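**Student:** When you get a sec, could you give me coordinates for this:
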Amino acid sequence: MNTDKKKQIPYDIEVEQAVLGCLLVSNKLVDEVAADLEAKDFYDPLHQALYEMIVGLVSEGPVTPLILHSVMSAHPGMQDVGGHAYLAGLAEAAPALSSRDIHRLAKALLDLSERRELIRIGEELVDCAYETSREVPTEKIAAETADALVKIGTVGRRDTVSVVDVMDECLKEAELALAGNKPPSIKLGFGAFDKATGGLMATEHLVTAGRSGAGKTAVAVSGATWAAMHGTPVLVFALDGSAKSWAQRSLCDVECRLHPEERPIWRSKFRHGTLSNLEITRLAEARRVLHGLPYDICNAPILTAPQILSRGRAFAAKHKGQMCLFVIDFVQKIADEKWEHNDSKETRVNNHVYQMANLANLTGGVAWSLAQMLNKNRGGNKNQTGSADDELPIAEDIRESGAIEMSADIGFFPYRRAFSLSRKEPEKHDFGGSVRPEWSEWHNELEKVEHIMRFIGFKIRDGSPNVLNGEYWCDMGSNAIRDERPLPIPEHDKAAEQLAMGLG
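**Tutor:** Numbers count the residues shown, from 1 in each chain. Presented below is the predicted three-dimensional model:
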């Protein structure tokens, strides 16, 4: 690297002069560039003032060099360059440009302006990194720098658009949909849910909240795996588990899809080392289905919200042109940054969840946040069984729920009655060794609901959350969640199948 090379601040005075001259010659071009170009995008202070004045005056009538000079004559810079003669020279030398040409010049100025902003951010980063006496946490320096970099080219321009332009875009999308070219969306493989939502759209934030053990992670694994199998790049932030656990769930889920007529393989067999040769062969087949898919897991045990945003943006850049799905398991596990420690837990979680929603906006993908719910008895509204601790979940039960519900575009709870029943098993035998009637009643009830999962909607911006409600077949041991129960195993094959799998 040649450190002696003289570095020049990026700017182009001639392009600035050309843009100003064209605007003076043809005031109608102001509307072509004002939405994108700001005064600060000019390097020369006089040019900044001239541009700002032209944009301000054009709404009152024609702006000529003479009129512009009459209101700018007191500006020190005008006197230095020769006053009216300078403005007249800009107009006289201005090239004849079309709307397309003026946009190209404006884009060139934007690029130079953003390069200068990059230099400013870089210099501030270096200064902050050297300045140790201020005791600014490194994480904060990195986070603020990342935020500043993201804002380049997005904040302060292109954030105000014509309503009519947006209407035109909506009508164009409707016409394309009518012709069979629907806008891209992400399906999760849950029939009723996908139909109700039409698929998850770009920049949407999906929230799935559930009590510990209720199945929210199983739902996320099943949905993310389905999305990956159908071409969606998926990045999982496994904050509440390990990459190995997520991979085992995915393998068992895919295997169950490949062999719906077979007994599902429970992932607990990985833990206990009891997989048979046949099961390993079937799981290897599932692995081949997933091989090569853009399906990644970030397995860092501790991640802050800015770190998640950074990794998410990098993943989206790698898969540019595709809508990505980001799964965060779960938001209350996002690590606090050092300067947040004095804030309440709810304030910190609220900040984190809003940043997860921002991840979708920054990347044009979908963020899927899992959220933990409180395990508590609220009393009051009991369900059909009359059990107060088996109530249907409500939004108020989400831990630190302030922003989690508000930030969601779509939100639902996975609910399994079997989950609650399994924790209330009564004594099976009486003193004489006979099976107690209450245990038989409990067991019969559990068998009825063992494979039933319900989605209960609590938020959808475009209508009633009730449209998200649906009932699905589930096998939690194999992480399988389906629209309906797979084909049963024929009775005459059960014994042979169990023997082959090492279960008999």
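**Student:** which element is residue 459 on?
**Tutor:** Here residue 459, judged by DSSP states H and E, is contained in strand 452-460.
**Student:** who does that strand pair up with?
**Tutor:** Paired neighbours of strand 452-460 in the sheet (DSSP bridges): strand 410-415 (antiparallel), strand 470-475 (antiparallel).
**Student:** For the ones you listed, state which one has the densest average packing.
**Tutor:** Of all the strands paired with strand 452-460, strand 410-415 carries the top mean neighbour count, a mean of 26, counting by mean count of other Cβ atoms under 10 Å. C-beta coordinates here come from the backbone N, C-alpha and C atoms, glycine included.
**Student:** C-alpha coordinates for that strand, CSV please?
**Tutor:** Output of strand 410-415 as CSV, limited to C-alpha atoms (Å, rounded to 0.1, in the frame of the first residue of the first chain):
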residue,chain,number,x,y,z
ILE,A,410,-48.5,-11.0,11.7
GLY,A,411,-48.5,-12.8,15.1
PHE,A,412,-49.8,-16.2,16.3
PHE,A,413,-49.6,-18.6,19.2
PRO,A,414,-49.0,-22.3,18.8
TYR,A,415,-51.3,-24.0,21.4
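**Student:** give the contact list for the nearest residue to residue 214 once chain neighbours are set aside.
**Tutor:** Spatial nearest neighbour of residue 214, excluding adjacent residues (Cβ to Cβ, 6 or more residues apart in numbering): residue 419 at 5.3 Å. Contacts of residue 419 were listed using Cβ atoms under 8 Å, 6 or more residues apart in numbering, and they are 211, 213-215.
**Student:** before we move on, the earlier item: what would the strands paired with strand 452-460 look like in TSV with distance to residue 237 and mean pLDDT?
**Tutor:** Below are the strands paired with strand 452-460 laid out as TSV (distance: least, Cβ to Cβ, whole Å; pLDDT from 0 to 100):
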stretch	distance to residue 237	mean pLDDT
strand 410-415	19	92
strand 470-475	24	91
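**Student:** will you turn the contacts of residue 419 into JSON lines that also has distance to residue 366 and secondary structure?
**Tutor:** Below are the contacts of residue 419 laid out as JSON lines (distance: Cβ to Cβ, whole Å; DSSP: H, G, I helix; E, B strand; the rest coil):
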{"residue": "211", "distance to residue 366": "24", "secondary structure": "coil"}
{"residue": "213", "distance to residue 366": "26", "secondary structure": "coil"}
{"residue": "214", "distance to residue 366": "22", "secondary structure": "coil"}
{"residue": "215", "distance to residue 366": "20", "secondary structure": "coil"}
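**Student:** Quick one, which of those are buried?
**Tutor:** Buried members of the contacts of residue 419, counted by 16 or more other Cβ atoms under 10 Å: 211, 214-215.
**Student:** Please identify which of those residues is nearest to residue 271.
**Tutor:** residue 215 (18.6 Å; Cβ to Cβ).
**Student:** how near is that closest one to residue 481?
**Tutor:** 8 Å (Cβ to Cβ, to the nearest Å).
**Student:** Next: residue 21.
**Tutor:** According to Cβ to Cβ, residue 21 and residue 481 sit 65 Å apart.
**Student:** do the same with residue 181
**Tutor:** 30 Å.
**Student:** So these two - more neighbours on which side?
**Tutor:** Shown here are residue 181 and residue 481; by other Cβ atoms under 10 Å, residue 481 has more neighbours (26 against 10).
**Student:** Check whether the more buried one really touches residue 218, as I assumed.
**Tutor:** Yes - assessed by Cβ atoms under 8 Å, residue 481 is found in contact with residue 218 at 6.4 Å.
**Student:** Tell me the secondary structure of the spatially most central residue of the chain, please.
**Tutor:** By Cα atoms, centre = their mean, the chain has its centre lying nearest to residue 367, at 2.4 Å. Judged by DSSP: H, G, I helix; E, B strand; the rest coil, the three-state class of residue 367 is strand.
**Student:** partner residues bridging it?
**Tutor:** Bridge pairing for residue 367 - DSSP bridges - gives residue 205, residue 326.
**Student:** per-residue confidence at it?
**Tutor:** If you check residue 367, the pLDDT there is 95.
**Student:** surely it meets residue 356?
**Tutor:** Yes - in this structure residue 367 lies within contact range of residue 356 using Cβ under 8 Å: 5.0 Å.
**Student:** from the middle of its chain, how far away would the strand or helix carrying residue 167 be?
**Tutor:** Following DSSP H and E, one finds residue 167 within helix 163-178. Offset of helix 163-178 from its chain centre (Cα atoms, centre = their mean, to the nearest Å): 24 Å.
**Student:** Now do it: everything it contacts.
**Tutor:** If you take Cβ under 8 Å, 6+ apart as the criterion, helix 163-178 is touched by 182-183.
**Student:** I'd like the next helix or strand past the helix or strand where the residue nearest to residue 214 lies.
**Tutor:** Assessed by DSSP H and E, residue 419 sits inside helix 417-422. Sequence order places helix 437-449 as the next helix or strand after helix 417-422, per DSSP H and E.
**Student:** Identify the residues contacting that following helix?
**Tutor:** In this structure, residues lying in contact with helix 437-449 by Cβ under 8 Å, 6+ apart are 416-418, 421-422, 424-429.
**Student:** Identify each buried residue in it, please.
**Tutor:** Judged by neighbour count using 16+ other Cβ under 10 Å, the buried positions of helix 437-449 are 442, 449.
**Student:** Kindly report the same for stretch 106-115.
**Tutor:** Here stretch 106-115 shows 106, 109-110, 112-113 as buried, counting by 16+ other Cβ under 10 Å.
**Student:** quick one: residue 231 and residue 439, what's the gap?
**Tutor:** As judged by Cβ to Cβ, residue 231 and residue 439 stand 49 Å apart.
**Student:** low pLDDT regions in the stretch 351-500 of the chain?
**Tutor:** Along the stretch 351-500 of the chain, segments meeting pLDDT under 70 span 374-391, 395-397, 399-402, 488-500.
**Student:** now the strands: where do they sit in the chain?
**Tutor:** 205-210, 234-238, 295-298, 325-329, 366-372, 410-415, 452-460, 470-475, 480-482 (DSSP state E).
**Student:** Can I get those in TSV including distance to residue 70?
**Tutor:** Converted to TSV, the strands of the chain look like this (distance: least, Cβ to Cβ, whole Å):
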stretch	distance to residue 70
strand 205-210	52
strand 234-238	58
strand 295-298	61
strand 325-329	56
strand 366-372	53
strand 410-415	57
strand 452-460	57
strand 470-475	69
strand 480-482	73
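**Student:** Can you say which of these is nearest to residue 122?
**Tutor:** Using Cβ to Cβ, the nearest of the strands of the chain to residue 122 is strand 295-298, at 26.8 Å.
**Student:** Find residues that contact each of residue 367 and residue 356.
**Tutor:** Common neighbours of residue 367 and residue 356 (Cβ under 8 Å, 6+ apart) are 205, 326, 328.
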